[in-house]
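Undergrad: Sharing a model prediction with you, sequence too.
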Amino acid sequence: MADKTALVVVDVQNIMFETPDEVLFDGERVLETIGELIAAARQMKVPVVYIQHTTEGIGSPFEKDSHNWQVHPAIAPEPGDVTSLKYSYDAFFKTGLDTRLKGLGAERLVFCGLQTEVCVDTTVRSALAHGYKSVLIGDAHSSYDNGVIKAKDIVAHHNTVLDKRFCQVMPSKDFLF
């Protein structure tokens, strides 16, 4: 199945780790897990697709080519990896991502990244609408406390809601490409 699979890394950008007073739930461990997934994908010759949230306007939080916008250096893209910019929460919306994935022969997408209840959730749901079978690595996405719900609970809630409806959710220790 690895030959029809792509690993999709959603919005693991510097700003997500460096915004004052915003701390990702289990951020360093999640980053390490994502790094392990990327290494395993590369070893199995599975394409790694990086999604980068992008905002327009000089000084905007995710301004293209800014420090904030860059993929976290611990998991930076390498030659041969695919990068897709998005301007909304859905990585498929007006981006050409679907065409690029089909060009790679991908039929199954493996998701990890940030932010659970925003871009990860939206993109996983959209993948189903675009005809992909998907896996969300349940311990390889994260969020922030939001004043109403703790990030730990946001992650657990989304793992439960998305599983079996929009994708298969599984822990990294049980996943093989």
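TA: Cool, the structure landed.
Undergrad: Double-check that Thr33 belongs to a helix.
TA: Yes: assessed with DSSP: H, G, I helix; E, B strand; the rest coil, Thr33 lies in a helix.
Undergrad: What segments of the protein are strands?
TA: Counting by DSSP state E, one finds strands in the chain at the ranges 5-10, 48-53, 82-86, 108-114, 133-142, 168-170.
Undergrad: quick one: which of those strands is nearest Phe93?
TA: Evaluated with C-beta to C-beta, these place strand 82-86 nearest to Phe93, the distance being 7.0 Å. Just so you know, the C-beta spots here come from the backbone N, C-alpha and C atoms, and that holds for glycine as well.
Undergrad: Roughly how far does the closest residue to Glu107 other than its chain neighbours sit from Arg108?
TA: The shortest distance from Glu107 to any non-neighbouring residue, by C-beta to C-beta, 6 or more residues apart in numbering, is to Lys4 (4.3 Å). Lys4 sits at a distance of 6 Å from Arg108 (criterion: C-beta to C-beta, to the nearest Å).
Undergrad: Would you mind listing the buried residues in stretch 92-107?
TA: Phe92, Thr95, Leu97, Asp98, Arg100, Leu101, Leu104, Ala106 (16 or more other C-beta atoms under 10 Å).
Undergrad: Surely the fourth one and His130 touch.
TA: I take that to be Asp98. Yes: the pair Asp98 / His130 is scored as a contact, 5.2 Å apart, by C-beta atoms under 8 Å.
Undergrad: Tell me the residues that contact both of those two, please.
TA: Phe92 (C-beta atoms under 8 Å, 6 or more residues apart in numbering).
Undergrad: how many other residues sit next to Leu85?
TA: As a burial measure, Leu85 scores 16 neighbours (other C-beta atoms under 10 Å).
Undergrad: now the end-to-end length of stretch 64-84.
TA: 12 Å (C-alpha to C-alpha, to the nearest Å).
Undergrad: Check stretch 50-62 too.
TA: 15 Å.
Undergrad: Excluding residues flanking it in the chain, which one is nearest the residue positioned nearest the centre of the chain?
TA: In the chain, the centroid-proximal residue (C-alpha atoms, centre = their mean) is Val10; its distance is 2.3 Å. Nearest non-adjacent residue to Val10, counting by C-beta to C-beta, 6+ apart: Gly113, 3.0 Å away.
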